[in-house]
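Asker: let's see this in three dimensions:
(one chain, ligands or ions: 2)
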Amino acid sequence: MKNFIDISDCSSKELREILEEAKKRKSLRAGLNKSAPDEDKPFEGKSMAMIFEKPSTRTRMSFDIAVKQLGGSSIILNPDGIHYGKGEETLKDTAKVLSEYVDIVMLRTSSHENLISFGKHLSIPIINGLSDKSHPCQIMSDIFTFEESNGDISGKTISWIGDGNNNMSNSLIESAAKLNIVLKIGCPKKYSPNKNIISWAKKNKVNLKITSDPYEAVKNSDCIMTDKWVSMNDKVNKKTKKKILKPYQVNKKLMSNAKPSAIFMHCLPVGRGEEVTDEVIDGDQSVVWRQALNRVHAQKSIIKWCLD
Ligand code: CP
Ligand code: NVA
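Answerer: Ligands and ions are numbered 1, 2, ... in the order given. Have a look, this model is predicted:
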């Protein structure tokens, strides 16, 4: 039994295994209905509990479909509707009870520490469905999506533009170390990656360049990624942050400075007209809808890996 909390917890070999399994499973189910189970139903008779402390469309839907395709079932628990560390029951006791009922837990939380301590009290695996610190499931889906169209990501250049200090950029930096990605971050100094992740990146020899010039950041790039300028629960002055990030909008001019074969990625939800223009997100280089679909395939593989 293994938890999937951060990309940095996994070895390069494990991440590669997860990606290859996702690739294999996706191709094997070509032609099947969206929620029809895979032939081998590896999760038959098993179930997953999902707890969302924050809103979610893709993570909620894609995990539910993933579990169905693996032949199992899932239950979504609203933290306000259960006893969940609010005085009536400690998180520890909730974790112990869930361990009796289901086989795996997925948690989306505002507090990464909660995720770690909840995981410690469970006797079943836990998957990080986004925390304030990281979003590893999304990054696995993004790498899978990149490789489907542009081949092995090793040695390729990915550009992260905009807010350089959020859960997505942290997980991307970790994946760059594990999968030999050349990572260029284009962000204002104020929203640069935080000290902890920078020192982790140095220690782990990430091929990382941070620049405040977005054009420099996309030069020779194979993929341009961005994210909402203000993340969920980001306690900032939104107006000020958006003003500072304005020069980092991904638009046609910025895209044309990357390689002609470059793709555009966004984890969604998107702030249209803010971090990206309609023209780019709806354009030929955008793979955002396939990226959302691939959450299903990457997460099936993550669930299997946790339980194997
Ligand atoms: N990308 C992502 O995690 O989307 P949701 O917030 O809709 O789950
Ligand atoms: N950084 C974003 C990702 C949303 C999927 C957030 O945390 O809101």
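Asker: so the closest residue to M255 other than its chain neighbours is in which element?
Answerer: Of all residues not flanking M255 in the chain, V280 sits nearest, at 5.7 Å (C-beta to C-beta, 6 or more residues apart in numbering). No exception for glycine: its C-beta is placed from N, CA and C like everyone else's. Using DSSP states H and E, V280 falls within helix 278-281.
Asker: picking that back up, so what's the residue nearest to M255 up against?
Answerer: Residues near V280 by C-beta atoms under 8 Å, 6 or more residues apart in numbering: 250-252, 255, 264, 286.
Asker: which of these fall within helices?
Answerer: 252, 255 (DSSP state H).
Asker: just the buried members of the contacts of V280?
Answerer: Buried subset of the contacts of V280 (neighbour count, 16 or more other C-beta atoms under 10 Å): 250, 255, 264, 286.
Asker: quick one: pLDDT of the residue of the chain most remote from its centre?
Answerer: Residue distances from the centre of the chain (C-alpha atoms, centre = their mean) peak at E88, which lies 32.2 Å from the mean C-alpha position. Looking at E88, its pLDDT is 81.
Asker: which strand or helix spans it?
Answerer: Following DSSP H and E, there is no helix or strand that holds E88.
Asker: do the same with E39
Answerer: Here E39 is assigned to no helix or strand, by DSSP H and E.
Asker: state the mean pLDDT of the helix holding V280.
Answerer: On average, helix 278-281 scores 98.
Asker: any idea which of the buried ones among the contacts of V280 is closest to ligand 2?
Answerer: Among those, V250 lies closest to ligand 2 (C-beta to the nearest ligand atom), at 15.2 Å.
Asker: for the stretch 151-300 of the chain, which segments count as strands?
Answerer: Ranges of strands within the stretch 151-300 of the chain are 157-161, 182-186, 207-211, 223-226, 263-266, based on DSSP state E, counting those that start in this stretch.
Asker: what's the second one packed up against?
Answerer: Contact partners of strand 182-186 among helices and strands, from 3 or more C-beta pairs under 8 Å, 6 or more residues apart in numbering; DSSP states H and E: strand 157-161, helix 167-179, strand 207-211, helix 214-218.
Asker: most centrally placed residue in the protein?
Answerer: Note: the chain centre (C-alpha atoms, centre = their mean) maps to Q138, 1.9 Å.
Asker: for the residue lying closest to M50 once chain neighbours are set aside, helix, strand, or coil?
Answerer: Of all residues not flanking M50 in the chain, M106 sits nearest, at 4.5 Å (C-beta to C-beta, 6+ apart). Secondary structure assignment for M106 (DSSP: H, G, I helix; E, B strand; the rest coil): strand.
Asker: was I right to think M106 contacts I126?
Answerer: Yes: the pair M106 / I126 is scored as a contact, 7.4 Å apart, by C-beta atoms under 8 Å.
Asker: what's the closest of the helices and strands packed on strand 182-186 to ligand 1?
Answerer: Nearest of the helices and strands packed on strand 182-186 (C-beta to the nearest ligand atom): helix 167-179, 8.5 Å.
Asker: packing partners of the closest one?
Answerer: With contacts taken as 3+ C-beta pairs under 8 Å, 6+ apart, helix 167-179 sits against helix 12-28, helix 136-150, strand 157-161, strand 182-186, helix 195-203, strand 207-211.
Asker: got the ones you listed as a markdown table, with distance to N3 and mean pLDDT columns?
Answerer: What follows is the helices and strands packed on helix 167-179, written out as a markdown table (distance: least, C-beta to C-beta, whole Å; pLDDT from 0 to 100):
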| stretch | distance to N3 | mean pLDDT |
| --- | --- | --- |
| helix 12-28 | 12 | 98 |
| helix 136-150 | 11 | 98 |
| strand 157-161 | 26 | 99 |
| strand 182-186 | 25 | 98 |
| helix 195-203 | 19 | 98 |
| strand 207-211 | 26 | 98 |
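Asker: CSV please, covering those and showing distance to ligand 2.
Answerer: Output for these, formatted as CSV (distance: least, C-beta to the nearest ligand atom, whole Å):
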stretch, distance to ligand 2
helix 12-28, 19
helix 136-150, 6
strand 157-161, 12
strand 182-186, 14
helix 195-203, 14
strand 207-211, 18
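Asker: ligand 1: which of the ones you listed is closest?
Answerer: Proximity to ligand 1, assessed across the helices and strands packed on helix 167-179 by C-beta to the nearest ligand atom, is greatest for helix 136-150 (5.2 Å).
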